[in-house]
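1. Would you be able to build a 3D model of this:
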Amino acid sequence: MTKFPMTVQGARALEEELKHLKTELRPQITQAIAEARELGDLKENAEYHAAREQQGMVEARIRDIEGRLQNAQVIDVTAIPHTGKVIFGVTVEIANVETDETVVYQIVGDDEADIKQGKLSVSSPIARALVGKEEGDVVVVKTPSGTVEYEIIEVRHI
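-> Alright, predicted model coming up:
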């Protein structure tokens, strides 16, 4: 089975969500189902059906998280020697060569990507162009609106 890269922080966040679902939400839903059953006829019992639907969604999310964690290759970037090269898990500051606008991204796994938090998927066009390059290099990224050149300002292992 194919392993997917994930940062230590991403794995920890999934483990915390899994713990919350199993130890807090699951028992609450079980209690809600038990209370709804006591109300009588299950065919026309909206509380029962809502609780069962919520139970199905929580169980599906639990299976999803367990599958992701099972197929994750957790990479601790702090354990890798700093070489100035862009690799999975590093935080990289890049500047648009034309506009001098700088942005900071952490290169993370697909499941962790969130552009608003500065987390860029390793399979995104920008990350693919950056990986393997070093501080000071200029990379060309193909975007839907054309090509953009970025200079790698700094690579940090966080």
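2. residue ranges with poor pLDDT in this structure?
-> 1 (pLDDT under 70).
3. And the longest strand anywhere in it, what's buried?
-> The longest strand of the chain (DSSP state E) is strand 146-156. For strand 146-156, burial by neighbour count (16 or more other CB atoms under 10 Å) applies to 148, 150-152, 155. Yep, even glycine has a C-beta here, placed from its N, CA and C like the rest.
4. Please apply the same query to stretch 16-27.
-> In stretch 16-27, counting by 16+ other CB under 10 Å, buried: 18, 21, 25.
5. shouldn't the first one be in contact with residue 63?
-> This points to residue 18. No. Residue 18 lies out of contact with residue 63 (CB atoms under 8 Å); the separation is 10.3 Å.
6. hmm, back to that, from the buried residues of strand 146-156, which is closest to residue 80?
-> residue 155 (11.6 Å; CB to CB).
7. just checking, what packs against the helix or strand harbouring residue 26?
-> Using DSSP states H and E, residue 26 falls within helix 26-37. Under the contact criterion of 3 or more CB pairs under 8 Å, 6 or more residues apart in numbering; DSSP states H and E, helix 26-37 touches helix 46-70.
8. residue contacts, the residue nearest to the spatial centre of the chain?
-> Centroid-nearest residue in the chain: residue 112, 1.0 Å away (criterion: CA atoms, centre = their mean). Residues near residue 112 by CB atoms under 8 Å, 6 or more residues apart in numbering: 6-7, 9-10, 13, 119, 121.
9. Distance of it relative to residue 147?
-> 27 Å (CB to CB, to the nearest Å).
10. Likewise for residue 106?
-> In terms of CB to CB, residue 106 sits 24 Å off from residue 147.
11. do residue 80 as well
-> In this view, residue 80 and residue 147 are 30 Å apart by CB to CB.
12. Helix, strand or coil: sort out the residue nearest to the centre of the chain for me.
-> Secondary structure, DSSP: H, G, I helix; E, B strand; the rest coil: residue 112 is coil.
13. can you list contacts of stretch 17-30?
-> 51, 54-55, 58, 61-62, 65-66, 69.
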